[in-house]
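Trainee: Just the structure for this:
(one chain, ligands or ions: 1)
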Amino acid sequence: MNNPTALITGASRGLGRALAAGLAREGFDLIIDARDRAALDAAAGALRAAGHTVTAIPGDVTDPSHRAALIAAASGLLDLLVNNAGTLGASPLPALADYPVAELRAAFEANVIAPVALTQLALPLLRASGGAVLNITSDAAVEAYAGWGGYGAAKAALEQASNVLAAEELAVRVWWADPGDLRTDMHQAAFPGEDISDRPSPASVVPAFVRLVTERLPSGRYRASHLLPVTP
Ligand SMILES: NC(=O)c1ccc[n+]([C@@H]2O[C@H](COP(=O)([O-])OP(=O)(O)OC[C@H]3O[C@@H](n4cnc5c(N)ncnc54)[C@H](OP(=O)(O)O)[C@@H]3O)[C@@H](O)[C@H]2O)c1
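Mentor: I've put the predicted structure just below:
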């Protein structure tokens with residue numbers, strides 16, 4: 001039996017890197033990407049040093065040829081697609097009244113169009129394996145935080161695309177999940193100059209996502225905090 005294969009976008013740092021390590025520990029072989037080749041190679045090297053099988057493909061998820069290369073790397077066998085790569089958009093976060101339209105468009109391209117397009121390519125393999133799609137979203141998709149209109153609107157669109165996909169693809173699990181605030185580069189960009197050391201580490205929410213995958217929970221929207229044991 002081959003190991004199952006997971007394709008995780010944006011796995012050179014932050015939540016994607018932590019998820020890659022967690023899923024590898026569960027027995028997944030990995031296909032990972034990020035734009036910065038050196039950072040991606042460092043992440044892949046650490047995973048390989050821990051004994052895991054990793055294919056690392058540098059590139060931008062908004063690039064159709066890169067998306068095709070990611071799917072080609074699966075060689076016809078894919079069990080899980082994690083659309084994790086994303087962008088905050090403009091930083092410091094502007095009000096919608098002042099949001100540069102080019103940056104708004106770029107946020108939608110990275111946070112909605114790219115994951116939907118990659119999912120389109122992955123679906124034939126996921127239908128064949130009875131696999132799953134995990135789209136990483138945010139509470140900004142459902143809450144009206146001032147300044148978060150660009151990012152939040154894009155994440156809301158990703159959530160509804162996930163919702164419809166779940167209704168259409170009954171052989172595939174579709175999860176869209178809010179990880180909660182995490183101590184990452186993206187979070188720091190949202191709060192420039194602020195001390196974010198009190199935010200949880202990305203590794204802290206990995207058990208929540210591992211639960212989704214290993215228990216094959218029903219398609220739907222999840223919050224990582226609701227999938228974790230309650231801490232006193
Ligand atoms: N951190 C939080 O508090 C928080 C809360 C809610 C939701 N989220 C979501 O969690 C996910 C991960 O965020 P994070 O906080 O871990 O961010 P991060 O630390 O900035 O990491 C983002 C990862 O994605 C890669 N990436 C970004 N744009 C890409 C692109 N166009 N193509 C390929 N790779 C790309 C980055 O590498 P390169 O820059 O080298 O490409 C990096 O590996 C995102 O979807 C984010 O919206 C985060």
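Trainee: Now do the same contact list for the most centrally placed residue in the chain.
Mentor: In the chain, the C-alpha nearest the mean C-alpha coordinate belongs to Asn84, at 1.3 Å (Cα atoms, centre = their mean). For Asn84, the contacting residues are 8-11, 15-16, 19, 134, 136, by Cβ atoms under 8 Å, 6 or more residues apart in numbering. C-beta: built from backbone N, CA, C; applies to glycine.
Trainee: Gly150 versus the closest residue to it other than its chain neighbours, what's the distance?
Mentor: Spatial nearest neighbour of Asn84, excluding adjacent residues (Cβ to Cβ, 6 or more residues apart in numbering): Gly16 at 4.1 Å. Look at Gly16 and Gly150: by Cβ to Cβ, to the nearest Å, they are 21 Å apart.
Trainee: Check Ala107 too.
Mentor: Computed with Cβ to Cβ, the distance linking Ala107 and Gly150 is 5 Å.
Trainee: Same drill for those two, tell me which one is more crowded.
Mentor: Of the pair Ala107 and Gly150, Gly150 is the one with more neighbours under other Cβ atoms under 10 Å, namely 27 against 23.
Trainee: I'd assumed Ala90 was in contact with that one.
Mentor: Yes. The pair Gly150 and Ala90 qualifies as a contact (Cβ atoms under 8 Å) at a distance of 6.5 Å.
Trainee: re the thing from before, which ones among the contacts of Asn84 come in contact with the ligand?
Mentor: Taking Cβ under 6 Å from any ligand atom, the overlap between those and the neighbourhood of the ligand is 9-11, 15-16, 136.
Trainee: buried set for stretch 151-169?
Mentor: Judged by neighbour count using 16 or more other Cβ atoms under 10 Å, the buried positions of stretch 151-169 are 151-159, 161-162, 165-166, 169.
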